[in-house]
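Asks: Coordinates only, no sequence provided:
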Ligand code: ADP
Ligand code: ASP
Ligand code: MG
């Protein structure tokens, strides 16, 4: 009998009592294979979104501390219900909040990071043969306040617990594993048997929401095998691990980031001190600027374009108001109808010409892009939303994703 395992079930997998009852059977089966089983669950269905919508009704700018207080309740509902179901089936099970599970965090409210986990309480229950059901997505900071780990953060809870217990994290979700591209956007997408931490991390950071990026970072650092599979069937899923010796493709996957906006400031000063003033103001307002480009626009002037998360619109507006008041003759264009499409693959390190192949592919299909950036293992394009589907299809079918 193997020692320990962490199983994580996402929102759609626990959206109803019936689904929880089905999951309980999977957990009980696991318990016959492993001495210790820890279960991490997300909030039921779309609960977190609904709670956030309520906060928006309550206040224009709700305090982030209170948002954490509110949205952390979703997971408390699902852990208690799942535990009741397990008890009803005759199992010894106990529900623990993030705090009770010893999850210590720090950072900005709604974006906390796990600092450490005091695993002693969980271990006590495991040693007395309990199934331990832990609330994902939440922890407690040094001030003793409830915190959350950013959207999708239950993945992070699961992988961090697996790191602490020295075992595998099994992530059960509503797809059969990791695909080359989101199967909802490209139904012909192929499932990957394995993917490296490095590629999965890049895909996640670039928008593949199937895994929360920081969970992969933790998995990589502590060498936690992460297995992603369906909570509805027993199809073989995808293993995320260190370097794999599979055939090196130039491109492993494609990610889409839809919550993007692009800002163009026409006739901005070309002086580096003025450009610095703008980006410092954006950084101070917690705007995470992504792609940047500048093109000459007459004597001492440039047209400056950058992209950021669409959620940052209000923070960007605040900065732009100040900047346009300070400099004369600026023309600001905000474009919310853009998306970022990125291709990812460690094969790009060794294979030349991938960028050229992509540029040609887009040109052949008359797909225009606005900005482009590259990293060592990825190339990202900002394109108009209306070209998204076509671009995904063209790239995915060309590279056999
Ligand atoms: P959970 O609630 O289980 O955490 P999520 O909704 O966070 O589930 O993540 C699963 C979803 O991720 C899938 O329904 C799928 O649409 C999306 N997804 C995006 N990119 C990929 C990909 N490359 N492979 C598989 N699923 C993906
Ligand atoms: N319930 C949280 C969210 O919707 C955490 C998670 O699902 O992983 O973001
Ligand atoms: Mg998720």
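Replies: Arrived safely, thanks for sending. Model, not experiment: these values are computed from the prediction. Numbering: from 1, shown residues only. Ligands and ions are numbered 1, 2, ... in the order given.

Asks: helix/strand/coil for residue 244?
Replies: Using DSSP: H, G, I helix; E, B strand; the rest coil, the secondary structure recorded for residue 244 is coil.

Asks: Please determine how far it is located from ligand 2.
Replies: The gap separating residue 244 from ligand 2 is 26 Å, by Cβ to the nearest ligand atom, to the nearest Å. C-beta here means a position set from N, CA and C on the backbone, and glycine is covered the same way.

Asks: Please name the nearest non-neighbouring residue to that residue.
Replies: residue 194 (4.7 Å; Cβ to Cβ, 6 or more residues apart in numbering).

Asks: mind listing what that neighbour touches?
Replies: With contact taken as Cβ atoms under 8 Å, 6 or more residues apart in numbering, residue 194 is in contact with 238-241, 244, 246.

Asks: Next one, pLDDT for the residue of the chain most remote from its centre please.
Replies: Most distant residue from the mean C-alpha position of the chain: residue 299, 42.8 Å away (Cα atoms, centre = their mean). Per-residue confidence at residue 299 stands at 90 (pLDDT).

Asks: Then residue 246?
Replies: pLDDT recorded at residue 246 is 63.

Asks: closest point of the stretch 151-300 of the chain to ligand 2, which residue?
Replies: Nearest to ligand 2, among the residues of the stretch 151-300 of the chain, is residue 154, at 3.2 Å (Cβ to the nearest ligand atom).

Asks: Could you check how many residues crowd around that residue?
Replies: Neighbours of residue 154 under the rule other Cβ atoms under 10 Å: 29.

Asks: Look up how far ligand 1 lies from it.
Replies: Computed as Cβ to the nearest ligand atom, the residue 154 to ligand 1 distance reads 7 Å.

Asks: Might one say that that residue is in contact with residue 7?
Replies: No. In this structure, residue 154 is not within contact of residue 7 by Cβ atoms under 8 Å, at 11.5 Å.

Asks: any shared contact partners between those two?
Replies: Joint contacts of residue 154 and residue 7 (Cβ under 8 Å, 6+ apart) are residue 40.

Asks: ranges for the helices of the chain?
Replies: For the chain, the helices defined by DSSP state H occupy 17-31, 47-58, 64-71, 73-88, 120-127, 154-165, 197-205, 213-221, 272-284, 313-326, 354-364, 388-399.

Asks: In TSV: those, plus distance to residue 189.
Replies: Output for the helices of the chain, formatted as TSV (distance: least, Cβ to Cβ, whole Å):
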stretch	distance to residue 189
helix 17-31	24
helix 47-58	25
helix 64-71	31
helix 73-88	29
helix 120-127	37
helix 154-165	20
helix 197-205	12
helix 213-221	19
helix 272-284	35
helix 313-326	31
helix 354-364	18
helix 388-399	7
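
Asks: most tightly surrounded among those?
Replies: Stretch with highest mean neighbour count among these: helix 154-165 (a mean of 28; mean count of other Cβ atoms under 10 Å).

Asks: angle of that one against helix 73-88?
Replies: 60 degrees (axes from the mean of the first three to the mean of the last three Cα atoms, to 10 degrees).

Asks: shaky segments in the protein?
Replies: 1, 246-247 (pLDDT under 70).

Asks: Counting neighbours, what do you get for the closest residue to ligand 1 within the chain?
Replies: Using Cβ to the nearest ligand atom, residue 10 is the residue of the chain that sits closest to ligand 1, at 1.8 Å. Counted by other Cβ under 10 Å, the residues lying close to residue 10 total 24.

Asks: Sounds good, over and out.
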